[in-house]
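Peer 1: I'll drop the sequence and a predicted model, then ask my questions.
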Amino acid sequence: MSSAKNYFGKDVVVRCLEKHKVDTIFGYGGGAILPLLDSLTGNSISYYMNRHEQGSGHCAEGYAKASGKPGIVVSTSGPGVTNLITPLQDSYSDGVPLIVLTGQVPTTSIGTDAFQECPAIKLTEPCTKWNYQLTHSNEIEDVMEEAFHVALSGRPGPVHIDMPKDILMQPLDSFKHISDIVGLPHGFKEPYTMDDVGIDNLSNLIYNSEKPIIIAGQGCNNCSDALRLFAIHSNIPVTTTLHGMGAFDENHPLSLHMLGMHGAAYANYAIQDADLILSFGSRFDDRIIGNKDGYAPMARRAEKIGTGGIFQFEIDPEQVGKTIQPTKTFIGDCEAFLNVLNTTTKYKNRTPWMNKLQSWKRDMPFQYSKGDDTIKTQQVIKTISDKVPNKSDIYITTGVGNHQMMAAQFYNWTHPKQLLTSGSLGTMGVGVPFAIGAQIAMPDKTVICIDGDGSFNMTLTELGTIAEYNIPVKIAIMNDSRQQMVYIWQKLFFDSNFISTTNKNPDYVQLAKSFGIHAIMCDHPDDLSDKIDEFLSYDGPIIANFIVEPDICLPLVPPGKNLDEMILTNPKDVQLTGIAPN
């Protein structure tokens, strides 16, 4: 902007959004944010009004996950801020870029317990990469520039800018520069260390390793081609985290699918038996390591004698050493390191290792028992996976629970960023708003929400958003009238003392129809194929209510156990001790 004349704070915010080619905003109105909404009126930026601010935040997350661009949220003060704490923490935990713009009472009223006032900056500081409360309209341009920079730099994450109402209505008389603004991170820089000696030594370890394995995390989603080249070029098997599903094509013989608490038995056994672990873009979350003291014993043994170990490639230094201490960590972008390794490593035939892995894959696949007259969640998901016409055009969102883990197990993941879900925070209810955001970001793709009834119930009000804007998402509800994952934990760890796990659900078909959304129901396996055909082929938003039989999600690594101490068969009469899972 060349001149401050004739601009108000609210106009500068919109101009900054336009400069960064923002095309979508999710939000909910209110008095304190009305000035900004006024400047958005008639603008080319599409504004989607959700039914709850939490829905706005999760929609923005889904948009960001699918597009790679920051999700933008606009909401009012007070409860408009507090209702966004969950999506802020969810995006902070999972590395999702958000820019949240909230209204605030006028600066003259701050601290007086004014109507819809809350301590916004104190509330959001722990769950954002950076937050800031505007003090003058002159600083808005630089603040917005920094907001985009911080949200996308290094490990992406959320930024919160609190905007007092009078600042939005304040005329500009000049432009402050970034160096004049207290509290700015002043140009966050992406950490990067290319340790040539360390890379050369690692390349030698890789070649000499007899039992190496790659862990591909979320950091591989933007460099799946380099990952694939490295795995094949070096002949190393690949297992993925929940956020890395599809970064390595699961149809490839080197794929070991997902690892961890509900991961493939063969992936978990491989981690425990490997002499060299290469982790790209994974922070060793507690769900993938089991008991940290018993994690990867053969790699630790190789570490002691200098023939192997655990090597981590991570963009955020703060993520290093939170659960386990790697042998060595390389700080920077995964793609840069993969590109170097692709020039310094070479193929090695590891026949005994490959034969052992193939034997485990053959003998211990993901499996479940079918019912004669009932449907299983796994059965629905596998049928959807088998029937989708082109997996490269499909995005899957989920809530949190059994259906989430079963989707990871029984959907065939072939492309990166196909699975959009909540990981570290484990936020129930994200499935539907994630689907809305992803569909808006990718209007030419098919977005399917695989949800549990418990998760769906938490954000079903967003059906109003789907109906109002005719967003063609497909929602498949795995309806067992339970919070089944928690039910199983109560059975295994608390002597079957069941409480707070039974859901009294509405008729989802009638609920959908009340919003003008097409809906179908399926409760028998003989009808499953035809109903899924209808579900997938319907042109427009649709809900499918699948009445499923409650089941346990296996394998299961109990808390405090090593990855190779899994429960592989239904423990009908087993009583476990210790602390139940989180």
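Peer 2: Yes, it's here.

Peer 1: So if we follow the domain assignment, how does the protein break up?
Peer 2: Following automatic domain parsing, the chain resolves into domains at 9-180, 196-363, 377-547.

Peer 1: export the ones you listed to TSV and tack on distance to Ser369, mean pLDDT and mean neighbour count?
Peer 2: From N, CA and C alone the C-beta is placed, and that goes for glycine too. Below are those laid out as TSV (distance: least, C-beta to C-beta, whole Å; pLDDT from 0 to 100; neighbours: other C-beta atoms under 10 Å):
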stretch	distance to Ser369	mean pLDDT	mean neighbour count
domain 9-180	33	94	21
domain 196-363	17	96	20
domain 377-547	9	96	21
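
Peer 1: closest one to Pro555 among the ones you listed?
Peer 2: Nearest of those to Pro555, taken as C-beta to C-beta: domain 196-363 at 5.1 Å.

Peer 1: Quick check, Thr345 in contact with Ile232.
Peer 2: No - the pair Thr345 and Ile232 does not pass the contact test of C-beta atoms under 8 Å, sitting 11.3 Å apart.

Peer 1: does Pro326 sit in a helix, a strand or a coil?
Peer 2: coil (DSSP: H, G, I helix; E, B strand; the rest coil).

Peer 1: which secondary structure element contains the residue nearest to it when sequence neighbours are not counted?
Peer 2: In this structure, Pro326 finds its nearest non-sequential neighbour in Gln312, 4.2 Å apart by C-beta to C-beta, 6 or more residues apart in numbering. Using DSSP states H and E, Gln312 sits in strand 309-314.

Peer 1: That strand pairs with which strands, and in what direction?
Peer 2: Strand 309-314 pairs in its sheet with strand 276-280 (parallel), strand 328-331 (parallel), by DSSP bridges.

Peer 1: Now render those strands as TSV, adding distance to Ile215.
Peer 2: Shown next, in TSV, are the strands paired with strand 309-314 (distance: least, C-beta to C-beta, whole Å):
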stretch	distance to Ile215
strand 276-280	4
strand 328-331	13
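
Peer 1: The ones you listed: which one's closest to Val74?
Peer 2: Short answer: strand 328-331, nearest of these by C-beta to C-beta, at 34.6 Å.

Peer 1: Distance across stretch 447-460, terminal residue to terminal residue?
Peer 2: 17 Å (C-alpha to C-alpha, to the nearest Å).

Peer 1: Return the distance of it from the chain's centre.
Peer 2: 15 Å (C-alpha atoms, centre = their mean, to the nearest Å).

Peer 1: cool, and stretch 527-546?
Peer 2: Distance, centroid of stretch 527-546 to centroid of chain: 25 Å (C-alpha atoms, centre = their mean).

Peer 1: CA atoms only for it - export them in CSV, please.
Peer 2: What follows is stretch 527-546, C-alpha atoms only, in CSV (Å, rounded to 0.1, in the frame of the first residue of the first chain):
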residue,chain,number,x,y,z
ASP,A,527,-27.3,-54.6,0.9
LEU,A,528,-23.8,-53.2,1.6
SER,A,529,-22.4,-53.2,-2.0
ASP,A,530,-25.5,-51.6,-3.6
LYS,A,531,-25.8,-48.9,-0.8
ILE,A,532,-22.1,-48.0,-1.2
ASP,A,533,-22.5,-47.7,-4.9
GLU,A,534,-25.4,-45.3,-4.4
PHE,A,535,-23.4,-43.4,-1.7
LEU,A,536,-20.3,-43.0,-4.0
SER,A,537,-22.2,-42.1,-7.1
TYR,A,538,-24.7,-39.6,-5.7
ASP,A,539,-24.1,-36.1,-7.1
GLY,A,540,-24.4,-33.8,-4.0
PRO,A,541,-24.2,-34.0,-0.3
ILE,A,542,-25.2,-37.4,1.1
ILE,A,543,-25.3,-39.2,4.5
ALA,A,544,-25.1,-43.0,4.8
ASN,A,545,-26.1,-44.4,8.2
PHE,A,546,-24.4,-47.8,8.5
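
Peer 1: residues in contact with that stretch?
Peer 2: With contact meaning C-beta atoms under 8 Å, 6 or more residues apart in numbering, stretch 527-546 is reached by 375, 377, 379-380, 383-384, 387-389, 446, 466-467, 470-479, 508-509, 512, 517-523.
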